[in-house]
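Engineer: Okay, sequence plus prediction incoming.
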Amino acid sequence: MSGFPDDELVYKATRDFINSVRVELLDFKITGGLSVPRFNIFATSPTNDAKTWTELRGFLHLLEYPTGLEGCGTAAALYPCQICHSLAHPRGLCPFPHIPKWNGPRLNNRDAAGAPRQTGRSRGGRSGRHT
């Protein structure tokens, strides 16, 4: 019975992990406005060990997920939102620009940082200014 406590911990961690899973449908569209189902899957890590969590995420990333749309879903690469840097949505779905009095980049502004682009020499020198 020496392995019994460890078995209980594994069972509890697995149950807690499964209970923490949350799925979010993204209103994702491709060129031409065609809707493409994309889902985010969120869960609380069952471990504090970064290597174990990375391996679990890698395993889950490799799985195929059956859908009712005549096929299986697969994991897609994550790209950070250019406005808020979240991995939960692409730039076009960022909620921040819709907040009243938002003073940051707009969805239609391709320069997410909102800073003017520099021209000329940017490191050292005087950036073209001569006084």
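Structural biologist: The structure has been received and is ready for your questions.

Engineer: Read off the pLDDT value for the closest residue in space to residue 28 that isn't next to it in sequence.
Structural biologist: Using Cβ to Cβ, 6 or more residues apart in numbering and skipping the chain neighbours, the partner closest in space to residue 28 is residue 38 (4.0 Å). All C-beta spots, glycine's among them, are computed from the backbone N, C-alpha and C. Note on residue 38: pLDDT of 85.

Engineer: thinking residue 38 is in contact with residue 75, fair?
Structural biologist: No. At 10.8 Å, residue 38 does not count as touching residue 75 under the criterion of Cβ atoms under 8 Å.

Engineer: re the thing from before, what's opposite the residue nearest to residue 28 in the beta bridge?
Structural biologist: With DSSP bridges as the criterion, residue 38 is bridged to residue 26.

Engineer: Report the separation between it and residue 89.
Structural biologist: Using Cβ to Cβ, to the nearest Å, one gets 9 Å for the distance from residue 38 to residue 89.
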